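Q: What shape does this take:
(chains A, B, C and D)
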Protein chains: 2
Amino acid sequence: MTANRQEGLDPGERAANTAPPARPVVRRGRPRSDRVHRAILDATRELIIENGFSRFRLEHVAARAGVGKATIYRRWPTREALVLELLMELASPHIEIEDVGDTRVELLAATTNAMRALTETPFGPVIRALLSHIACNPALGDPFRAAVVQGRRDAVAHVMERGIARGDLDPHADMDVATELLVGPVYFRLMFGGELTLDFAERVVDSVSRGFSSGRDSGAGR
Amino acid sequence: MTANRQEGLDPGERAANTAPPARPVVRRGRPRSDRVHRAILDATRELIIENGFSRFRLEHVAARAGVGKATIYRRWPTREALVLELLMELASPHIEIEDVGDTRVELLAATTNAMRALTETPFGPVIRALLSHIACNPALGDPFRAAVVQGRRDAVAHVMERGIARGDLDPHADMDVATELLVGPVYFRLMFGGELTLDFAERVVDSVSRGFSSGRDSGAGR
DNA sequence: GAAGATACGGTACGTGCCGTATCATATGCC
DNA sequence: GGCATATGATACGGCACGTACCGTATCTTC
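A: Numbering: from 1, shown residues only, chains lettered A, B, ... in the order given. Okay, the predicted model is just below:
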């Protein structure tokens, strides 16, 4: 997420594209300060956690970061763009699921990774404050979904494939809803209350693995 | 709005509680107009759906409802309180799950009720806009959880009990995470993208019912 | 039926923050 | 050393906030 803020003066070249715009190799004049960049992102994180997004003011960011307002606007066109960069930065470390050769452990990791990111890192308070905007504002939601959510889906899909290859999972297990089943409950509790504990994660994973159905033929099974 | 016995309580005194701001029954002077109350809530619903919560302006509500701004502030202390009342009003019709004698149908109803409320009624856009506030602001979240979320939990619990009694569900099926498993995926997709279709609901319910595990002993099962 | 109390639609006001513009100064590259 | 750009500061018009008043309308109480 670093090293791409090059608004404005860049001649013609960059359409709003997915690829991080190649920074022009030669750049005359005073270079932008990495210290300023970090200070702004840090202040953004702190203030969102303290006040939520609705009371999040760029003027407060500038004040806390010890920076002029214009310096922020020079780097990010909107406050959504600023917050998106923060969100990506915080989310990226908690996506991947290591192959440890044990399907249950890996399924559990899908749930606990999401859970611990929410409970033990600043990602939790930040995304909590941004849920509505991710859901309502495509400028924030679309890039977030493309990167973070899709990353999680891919990670879960790999776990499922490995589990099926090992014979631990039903080959007909529904990959298309696996992420929803493993991670959805965590976000449900984030929004609507309830403990986010290891015990909860284990119950979720066990239920998803074994299912609710009795052995009988009638009723809940397909 | 229901009459509510409040004796000598000052009308401005009431905390933001589950009940609408009920006035003392005996009240001198001109009474508050129910027509105005409705017009404000209707305008609120329309404007949130049209513009989302972030561009939701009380001045627009006043204009569309044909009402003075002060009239809104006289009834609700903050715009969150106003929107909370709307939210409660919209949520209540989609909670209960009828006993139809068929466990799968009832489990499916737990998921589709939540889903259809989000896709086919104004509840969807409204709660989407309020997710952050519900997650972050106890003044909004606590009453919502107490009424709506707990109501859903109870409904799901009854479905589970009936399913167990019928022999369709494993008596050890984990009630404590059932709501999360059946409804969590729906809210996950509301926030993070993906279709909210009947097919999706059926996949969720079938997966929860049958589980991912193969018949084998190793791996994913408990 | 009169008097008092409160709600009503409307308007004006001070405040806070937005996003932009423009300073003088600082800092790095040639 | 000179140039180009970044930086912190400040000022600006604009919008919506939340409050405080109007004059009027509609109830209850006497």
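
Q: Extract the C-alpha trace of stretch A:99-119 and format it as PDB.
A: Below are the C-alpha coordinates for stretch A:99-119, written out as PDB (Å, rounded to 0.1, in the frame of the first residue of the first chain):
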ATOM      1  CA  ASP A  99      -1.000 -25.500   5.200                       C
ATOM      2  CA  VAL A 100      -0.300 -27.400   8.400                       C
ATOM      3  CA  GLY A 101      -1.500 -30.800   7.100                       C
ATOM      4  CA  ASP A 102      -4.500 -30.800   9.500                       C
ATOM      5  CA  THR A 103      -7.900 -29.900   8.000                       C
ATOM      6  CA  ARG A 104      -9.600 -29.000  11.200                       C
ATOM      7  CA  VAL A 105      -6.800 -26.800  12.300                       C
ATOM      8  CA  GLU A 106      -6.900 -25.000   9.000                       C
ATOM      9  CA  LEU A 107     -10.700 -24.600   9.100                       C
ATOM     10  CA  LEU A 108     -10.300 -23.300  12.600                       C
ATOM     11  CA  ALA A 109      -7.700 -20.900  11.400                       C
ATOM     12  CA  ALA A 110     -10.100 -19.400   8.900                       C
ATOM     13  CA  THR A 111     -12.400 -18.500  11.700                       C
ATOM     14  CA  THR A 112      -9.800 -17.500  14.300                       C
ATOM     15  CA  ASN A 113      -7.700 -15.500  11.900                       C
ATOM     16  CA  ALA A 114     -10.700 -13.300  11.200                       C
ATOM     17  CA  MET A 115     -11.700 -13.300  14.900                       C
ATOM     18  CA  ARG A 116      -8.300 -12.400  16.200                       C
ATOM     19  CA  ALA A 117      -7.800  -9.600  13.700                       C
ATOM     20  CA  LEU A 118     -11.000  -8.100  15.100                       C
ATOM     21  CA  THR A 119     -10.300  -8.600  18.700                       C
END
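
Q: residues from chain A in reach of DNA strand C?
A: With C-beta under 7 Å from any atom of the strand as the criterion, chain A meets DNA strand C at residues A:26, A:28-31, A:56-60, A:68-70, A:73, A:78-79. Quick note: C-beta positions are derived from backbone N, CA and C, even for glycine.

Q: Any of these buried? List them.
A: With burial judged by 16 or more other C-beta atoms under 10 Å in any protein chain shown, the buried subset of those is A:Phe56, A:Leu58, A:His60, A:Tyr73, A:Arg79.

Q: Of the residues you listed, which are in range of chain B?
A: Among these, no residue lies close to chain B (C-beta under 8 Å from any C-beta of the partner chain).

Q: among those residues, which are in helices?
A: A:Leu58, A:His60, A:Tyr73, A:Arg79 (DSSP state H).

Q: Same list (the residues you listed) but as a markdown table, adding distance to B:Val208 and pLDDT.
A: Output for these, formatted as a markdown table (distance: C-beta to C-beta, whole Å; pLDDT from 0 to 100):
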| residue | distance to B:Val208 | pLDDT |
| --- | --- | --- |
| A:Leu58 | 44 | 97 |
| A:His60 | 45 | 97 |
| A:Tyr73 | 48 | 96 |
| A:Arg79 | 39 | 91 |
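
Q: Max pairwise distance over those residues: which two?
A: Greatest spatial distance among these (C-beta to C-beta): A:His60 and A:Tyr73, at 14.7 Å.

Q: can you tell me the residue of chain A closest to DNA strand D?
A: A:Gly29 (2.0 Å; C-beta to the nearest atom of the strand).

Q: got the contact list for that residue?
A: Under the criterion of C-beta atoms under 8 Å, 6 or more residues apart in numbering or on different chains, A:Gly29 has no neighbours.
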